[in-house]
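**Student:** Return a 3D structure for these sequence lines:
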Amino acid sequence: MTDASLLHELISRSASSRPDATALAYGKQSMSYGFLQQSIESFVGGLVGLGLQRGERIAIYLEKRPETVVASFGSAAAGCVFVPLNPLLKADQVAYIMRDCNVRVLVTSSERLSLLASVLPSCKDLRHVLLVNAGPLPIAAGQFPLWRWDDLLQPGGPCGHRVIDTDMAAILYTSGSTGKPKGVVLSHRNMVAGAKSVASYLENTADDTLLAALPLSFDAGFSQLTTAFHAGARVVLLNYLLPQDVLKALARERVTGLTAVPPLYIQLSELDWPTAIGEQLRYFANTGGRMPRETLTALRKRLPKSKPYLMYGLTEAFRSTYLPPEEVDRRPDSIGKAIPNAEILVLRDDGTPCAADEPGELVHRGALVGMGYWNDHEKTAERYKPLPAQTPGRDAGLVLPEIAVFSGDTVRMDEEGFLYFIGRRDEMMKTSGYRVSPTEVEEVLYATRQVGECVAFGVDHPKLGQAIQVIATPPSGSSLDTTALLAECRRQMPAYMVPENILVRQGPLPRNPNGKIDRKALASEFLANASPVPESGVTAACSPGTGK
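**Tutor:** Numbers count the residues shown, from 1 in each chain. Have a look, this model is predicted:
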């Protein structure tokens with residue numbers, strides 16, 4: 001059996017070798033690899049029967065459910081491009097994305113369609129809406145026909161268009177916290193190479209059960225599908241409301257692999273874990289930001305038999321680094337080294353390599369580097385750049401340029417080659433002549449155990465350049481004493497790093513669509529409500545609705 005080179009072949013390979021093995025679990029439903037493959041083939045027949053051309057975009061606006069998976073992989077198998085829309089997005093956000101990438105088909109539910117009725121007429125390229133619900137079709141708003149899922153699927157229908165591994169497979173939109181969302185274009189090669197790389201270091205096998213808790217519109221969320229299907233493993237689709245729902249699913253489904261973001265792990269670390277989870281969970285992996293050391297310690301105490309994987313990734317390059325579990329005790333603050341089949345460089349602004357422990361920009365080269373931002377030449381040129389001629393691995397005889405992802409993240413690499421995240425260049429705070437990473441401030445705050453969640457950012461200050469502002473929530477079941485917390489900060493931080501002000505609000509803090517704490521939204525909200533900062537450095541502000 002040949003190795004997969006196209007996204008949908010991850011499923012067809014496993015269906016050929018183990019057709020009766022469970023691929024998906026959703027509530028009380030389950031779907032075998034054989035049936036999943038048949039469903040994808042029928043979906044392809046339906047799309048091609050609608051006249052979809054190679055490379056046209058299919059938007060999927062659904063919660064995690066089997067139809068979401070079939071539509072995603074089926075669109076790629078048809079030679080089209082799937083665009084997963086986070087189910088938390090509002091109507092205007094959905095419409096913007098659909099207009100931006102000229103969506104032809106929308107896969108959604110009747111309930112979600114009603115939410116979009118006022119905006120879909122603005123999506124001029126939309127031609128068809130496919131509803132996953134059974135029952136009568138609702139009255140549509142707009143000029144497009146509606147199709148039932150079961151009516152569109154065509155067993156034995158036409159095959160998809162010809163596809164090669166450098167063709168587009170998906171467009172994943174970023175959260176848009178710095179403006180309009182950007183669509184990261186990923187090829188079949190990007191996604192398959194990512195699946196193979198991640199599955200290799202996580203040591204995924206057909207015996208694994210992975211919990212898909214993150215949104216499938218998030219690269220790390222969709223990676224739970226691709227890594228599992230590459231290994232022939234089982235995936236549990238979970239739409240949770242509370243952190244307790246995640247723990248229940250881990251125990252009920254006998255999950256062996258969990259990948260999540262720090263805000264969720266912070267919440268989970270405060271709960272009582274059923275003993276059974278620790279007996280079956282083979283690993284837990286972190287992505288989407290630095291795991292606070294206190295949170296990591298709490299999780300390892302609850303899960304002494306589970307391997308911790310600390311990871312770093314970019315949507316623009318899917319996944320970049322991981323820290324092997326055996327290194328966690330020695331260097332818990334490291335993001336590790338490059339994943340298999342990728343190279344990570346630390347470069348100065350002039351493109352030359354940094355010395356050991358010298359801060360520089362993280363640059364990712366290799367098969368996982370995406371195809372740029374959809375229809376955005378300017379932003380693509382800012383992030384996707386040719387590697388400098390003097391870059392290691394680029395011989396002078398190579399005439400064609402190699403495009404790499406310049407992350408915008410500042411890191412350092414120690415003498416042993418391990419990487420350490422310093423901060424985002426556009427989030428770094430400049431105060432009293434020093435550059436300070438907000439994550440560095442947050443790490444100290446979490447270590448005090450006096451906060452539940454927190455976020456740090458800089459605000460303009462007439463003398464300091466920027467003053468460090470913190471918004472924090474109390475720990476679960478207790479209050480937050482800002483005087484005591486600031487005293488602890490002064491004890492543990494250099495003077496220039498101590499927050500100018502700590503604003504208390506009840507949690508949880510708002511998230512962006514990918515589940516991360518929305519630092520930029522909180523900073524914007526703070527600035528909108530704050531009084532001008534006096535030269536004394538004392539910040540006056542009110543937390544909305546609290547008067548604090």
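**Student:** can you pull the contacts of the residue nearest the centre of the chain?
**Tutor:** With distances taken as C-alpha atoms, centre = their mean, F218 lies nearest the centre of the chain, 3.7 Å away. Applying C-beta atoms under 8 Å, 6 or more residues apart in numbering to F218 gives the contacts 86, 172, 288, 315, 513-515. Bear in mind the C-beta positions are built from the backbone N, C-alpha and C, glycine included.
**Student:** out of the residues you listed, which one sits closest to G160?
**Tutor:** Nearest to G160 out of the contacts of F218 is L172 (C-beta to C-beta; 21.0 Å).
**Student:** Please tell me which one of the contacts of F218 counts the most neighbours.
**Tutor:** The most crowded member of the contacts of F218, judged by other C-beta atoms under 10 Å, is L172 (27 neighbours).
**Student:** Show me the beta-bridge partners of it.
**Tutor:** Counting by DSSP bridges, L172 is bridged to V184.
**Student:** my guess is it meets F222, correct?
**Tutor:** Yes: using C-beta atoms under 8 Å, L172 is in contact with F222, at 7.5 Å.
**Student:** Between those two, which contacts overlap?
**Tutor:** Residues touching both L172 and F222 by C-beta under 8 Å, 6+ apart: P84.
**Student:** Not counting its own residues, what contacts the longest strand seen in the chain?
**Tutor:** Taking DSSP state E as the criterion, the chain has its longest strand at strand 403-413. Strand 403-413 has contacts (C-beta under 8 Å, 6+ apart) with 314, 316-317, 320, 335, 345-347, 354, 356-365, 369-370, 382-387, 419-426, 428, 437.
**Student:** how many other residues sit next to V444?
**Tutor:** 20.
**Student:** Surely it forms part of a helix?
**Tutor:** Yes: counting by DSSP: H, G, I helix; E, B strand; the rest coil, V444 is part of a helix.
**Student:** So which elements touch the longest helix seen in the chain?
**Tutor:** In the chain, assigned by DSSP state H, the helix with the most residues is helix 33-49. Using 3 or more C-beta pairs under 8 Å, 6 or more residues apart in numbering; DSSP states H and E, the elements in contact with helix 33-49 are helix 9-17, strand 22-26, helix 66-77, helix 149-152.
**Student:** helix or strand right after the longest one?
**Tutor:** Next helix or strand after helix 66-77 toward the C-terminus (DSSP states H and E): strand 81-84.
**Student:** can you redo the contacts of F218 as TSV with secondary structure, distance to S110 and pLDDT?
**Tutor:** Shown next, in TSV, are the contacts of F218 (DSSP: H, G, I helix; E, B strand; the rest coil; distance: C-beta to C-beta, whole Å; pLDDT from 0 to 100):
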residue	secondary structure	distance to S110	pLDDT
N86	coil	19	89
L172	strand	26	97
G288	coil	32	82
T315	coil	30	90
P513	coil	22	80
N514	coil	26	79
G515	coil	26	86
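**Student:** Any chance of TSV for the residues you listed, columns distance to Q244?
**Tutor:** Output for the contacts of F218, formatted as TSV (distance: C-beta to C-beta, whole Å):
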residue	distance to Q244
N86	22
L172	29
G288	21
T315	29
P513	22
N514	21
G515	16
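**Student:** Tell me the one of the residues you listed nearest D125?
**Tutor:** Looking across these and measuring by C-beta to C-beta, the closest to D125 is L172, at 19.2 Å.
**Student:** Pull the contacting residues for the closest one.
**Tutor:** Per C-beta under 8 Å, 6+ apart, neighbours of L172: 84, 183-184, 186, 217-219, 222, 315.
**Student:** mind running it again at 7 Å?
**Tutor:** Taking C-beta atoms under 7 Å, 6 or more residues apart in numbering as the criterion, L172 is in contact with 84, 184, 186, 217, 219, 315.
**Student:** Could you give the number of residues near the fifth one?
**Tutor:** A count of nearby residues for D219, using other C-beta under 10 Å, gives 29.
**Student:** any low-confidence regions in this structure?
**Tutor:** Scanning the chain with the threshold set as pLDDT under 70 gives 1-2, 135-142, 175-179, 433, 531-548.
**Student:** okay, now the domains of it?
**Tutor:** Domain assignment for the chain by automatic domain parsing gives 9-187, 240-424, 429-529.
**Student:** would you turn the ones you listed into CSV with distance to S200?
**Tutor:** Below are the domains of the chain laid out as CSV (distance: least, C-beta to C-beta, whole Å):
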stretch, distance to S200
domain 9-187, 14
domain 240-424, 5
domain 429-529, 25
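**Student:** quick one, helices of the stretch 251-400 of the chain?
**Tutor:** Along the stretch 251-400 of the chain, counting by DSSP state H, counting those that start in this stretch, helices occupy 262-269, 275-280, 293-302, 377-383.
**Student:** Give me whichever of those is most buried.
**Tutor:** When the helices of the stretch 251-400 of the chain are scored by mean count of other C-beta atoms under 10 Å, the highest mean neighbour count falls to helix 262-269 (a mean of 21).
**Student:** Identify the residues contacting P499.
**Tutor:** Contact partners of P499, counting by C-beta under 7 Å, 6+ apart, are 441, 456, 468-470, 486, 489.
**Student:** Next, the buried residues of stretch 18-27.
**Tutor:** Residues 22-26 are the ones in stretch 18-27 that count as buried (16 or more other C-beta atoms under 10 Å).
**Student:** With only the CA atoms kept, save it in CSV.
**Tutor:** Only the C-alpha atoms of stretch 18-27 are listed here, as CSV (Å, rounded to 0.1, in the frame of the first residue of the first chain):
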residue,chain,number,x,y,z
ARG,A,18,-8.8,-1.7,8.5
PRO,A,19,-12.2,-0.9,7.1
ASP,A,20,-14.1,-2.0,10.2
ALA,A,21,-12.0,0.0,12.7
THR,A,22,-13.7,3.0,14.3
ALA,A,23,-12.5,6.3,12.8
LEU,A,24,-15.0,8.7,14.5
ALA,A,25,-17.0,8.7,17.7
TYR,A,26,-19.7,11.4,18.2
GLY,A,27,-21.9,11.1,21.2
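**Student:** Run the chain-centre distance for it.
**Tutor:** Remark: stretch 18-27 is offset 24 Å from the chain centroid, using C-alpha atoms, centre = their mean, to the nearest Å.
**Student:** got the contact list for it?
**Tutor:** If you take C-beta under 7 Å, 6+ apart as the criterion, stretch 18-27 is touched by 30-34, 36, 65-66, 69, 206, 229, 232, 234-237, 253.
**Student:** Likewise for stretch 361-381?
**Tutor:** For stretch 361-381, contacts defined as C-beta under 7 Å, 6+ apart pick out 100-101, 168, 171, 182-187, 189-190, 193-194, 314, 316-320, 341-347, 384, 387, 402-411.
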